[in-house]
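Chemist: Build me a model from this:
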Amino acid sequence: MQLKNVLNLAVLGNALLAVAHPGHHEEREALQQRSFKRNLARGLEKCEASIEASGLRARAEARRRAMVDVHRRQLQTRGDTAEVLNKSHLSTRPISPNTPETEVFDDDKKVCLLGPSAEGETGPYWIPGEHIRGNIRENESGVPVFIEEQFIDVETCEPIRGIYTEIWGCNATGVYSGLVADGNGNSKDLANYQRTFLRGVQQTDDDGVVTFETLFPGHYANRTTHYHNIVHWNATLLPNNTLAGGSIPHIGQIFWDQSLISEVESTYPYNTNSIPITLNADDRVVNVETNNADTDPFLNYVYLGDNIEDGLFAYLTAAVNTSAIHYPYWTNVYTATGGEYVCGTCDGDPDAVDGGLPTTTAA
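Modeler: Residues are numbered from 1 along each chain as shown. Just a heads-up that it's a prediction; the model follows:
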C-alpha cells in the first residue's frame, strides 16, 4: 500500500507511551471516559425518534436481510460489563425472502457506542497508508465474516455520510500484516512488511454504512479477540487510493461473544495457535468499554450456513461525536515499498524525531 502524501494530522495533547504489543495499553481517566460514554448514550436516546421517522432503521433491516440472503444463496451454489458479557449477540430470528422487515434484525435497537472510552487503545499496529477497499480477506484462511457498520452523528442524529472508516485485525493465528515485531508471529519473517491482509478503509454511503469482507480474528497474548476501528473526518482521497489530512474523532475496538469465540477457536487453523486465550471477562479493554458506561461494543451476528466455517454476517450501529479529536498510536507506515518501521516511542509529539504522525513517506 502506498501513502503518497503526508497523513496531515496535527498531533496535540499528552504523549501516549507504549511497549510491545502483547499487553500494550495507554490509560485514560476512568471517570472522564465513562462520562463521555454516558453523554453519547443520552445523545443517542434523543436521536431514536429521528432515526425511526427518517426510515433509517427500516432501510437497515431491509439491507441486512438482503445481504444475508445473498451470501446464503452463494453458499447454496458452491449472526454494566457482566450484563454485556452475559448477553448473546446472535440474531435468532429465522430469515427468508418473505420475512417482514419489522421482524428482521430488530435486535439492532442495541447500539454499539463507539467513542473515546478506550481512546489511546490503538495499539502500535495501526498503519497509516491503508488502501481504500472493502474486501480485505486476501488469501488468509479462517471463518469468513461480512461486517456492516453504520455511523450516526450523535449531535445531529443523522447518518454520517462520506466519512472514511478503517478496520484491521489479526489473522487466524494472531498475526497482523505490515510489520515485524516481537509478539507478532515470527519476528524473523521480514516478508510480513509487504503483506496487507485484513486491513482496509471504506467510505460511508448516504445511510452512513460501510461493509468489509474479512475474517474472524484469532488471538494473541494477553488480549481477547477483537477488531480495531478508526474514523477519519474530512480526510482527502489521494490518487493512489489512500487518505491524507482531516482529523480522527474515534479510535476503538469491537468484540465477539465468548461462546462464538470458543466455537471458532475449535476450528482450523485457529486451533493451531498454542498461545493461551484471554477471555472477554479478563480483557482490560472490554472492561473499560463496558464498565458503567451504558455501552455494548459487541457485534450482532447471524450464521450464514449450517456450519461456522460457512461464515458470519455481523453488524453494529455506532454513535460518534464528530467534533471529538483523538490521536492514534503507530509505529509503522505503509510506503511505496511496503510497511516500514519509522519510530520507537511515537509519543505524539509532532516535533519529536520519532514521534507524532509520519511526516515523510515514499511516493
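Chemist: and residue 132, how many neighbours?
Modeler: Counted with other CB atoms under 10 Å, the neighbours of residue 132 add up to 17. In short, each C-beta sits where N, CA and C put it, glycine included.
Chemist: what bridges to it?
Modeler: Judged by DSSP bridges, the bridge partners of residue 132 are residue 201.
Chemist: what residues are up against it?
Modeler: Contact analysis of residue 132 by CB atoms under 8 Å, 6 or more residues apart in numbering lists 164, 200-203, 237, 241-243.
Chemist: ok, which stretches of the stretch 101-250 of the chain are strands?
Modeler: Counting by DSSP state E, counting those that start in this stretch, the stretch 101-250 of the chain has these strands, from start to end: 144-153, 164-168, 199-203, 209-215, 226-233, 236-237, 243-244, 247-255.
Chemist: Please name whichever of the ones you listed is nearest to residue 273.
Modeler: Checking the strands of the stretch 101-250 of the chain against residue 273 by CB to CB gives strand 209-215 as the closest, at 13.7 Å.
Chemist: State the pLDDT value of residue 243.
Modeler: For residue 243, the pLDDT comes out at 92.
Chemist: Go ahead and confirm it touches residue 201.
Modeler: Yes: taking CB atoms under 8 Å as the definition, residue 243 is a contact partner of residue 201 at 6.5 Å.
Chemist: Pick out whichever of those two has more residues nearby.
Modeler: residue 201 (26 against 23).
Chemist: quick revisit: distance to residue 126 for the strands of the stretch 101-250 of the chain - can I get that in CSV?
Modeler: Below are the strands of the stretch 101-250 of the chain laid out as CSV (distance: least, CB to CB, whole Å):
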stretch, distance to residue 126
strand 144-153, 17
strand 164-168, 7
strand 199-203, 9
strand 209-215, 16
strand 226-233, 7
strand 236-237, 19
strand 243-244, 13
strand 247-255, 8
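Chemist: can you tell which of the ones you listed is closest to residue 317?
Modeler: Taking CB to CB, strand 144-153 is the member of the strands of the stretch 101-250 of the chain nearest to residue 317, at 4.6 Å.
Chemist: Can you name every helix or strand that the closest one contacts?
Modeler: Counting contacts by 3 or more CB pairs under 8 Å, 6 or more residues apart in numbering; DSSP states H and E, strand 144-153 packs against helix 30-53, helix 56-76, strand 164-168, strand 209-215, strand 226-233, strand 312-320.
Chemist: cutoff 6 Å now
Modeler: strand 209-215, strand 312-320 (3 or more CB pairs under 6 Å, 6 or more residues apart in numbering; DSSP states H and E).
Chemist: Relative to residue 87, how far out is residue 280?
Modeler: Residue 280 is 11 Å from residue 87, where distance means CB to CB, to the nearest Å.
Chemist: now residue 306
Modeler: Distance of residue 306 to residue 87, given as CB to CB: 24 Å.
Chemist: cool, and residue 258?
Modeler: Counting by CB to CB, the gap from residue 258 to residue 87 is 11 Å.
Chemist: Those two: which is more packed in?
Modeler: Set side by side, residue 258 and residue 87 show more neighbours around residue 258, with 18 against 12, by other CB under 10 Å.
Chemist: In contact with the more buried one, which residues?
Modeler: Contact partners of residue 258, counting by CB atoms under 6 Å, 6 or more residues apart in numbering, are residue 280.
Chemist: Find me the pLDDT at it, would you?
Modeler: For residue 258, the model assigns a pLDDT of 97.
Chemist: Could I get the phi/psi values of it?
Modeler: Residue 258 adopts backbone torsions of phi -60, psi -40, taken as degrees, to the nearest 10.
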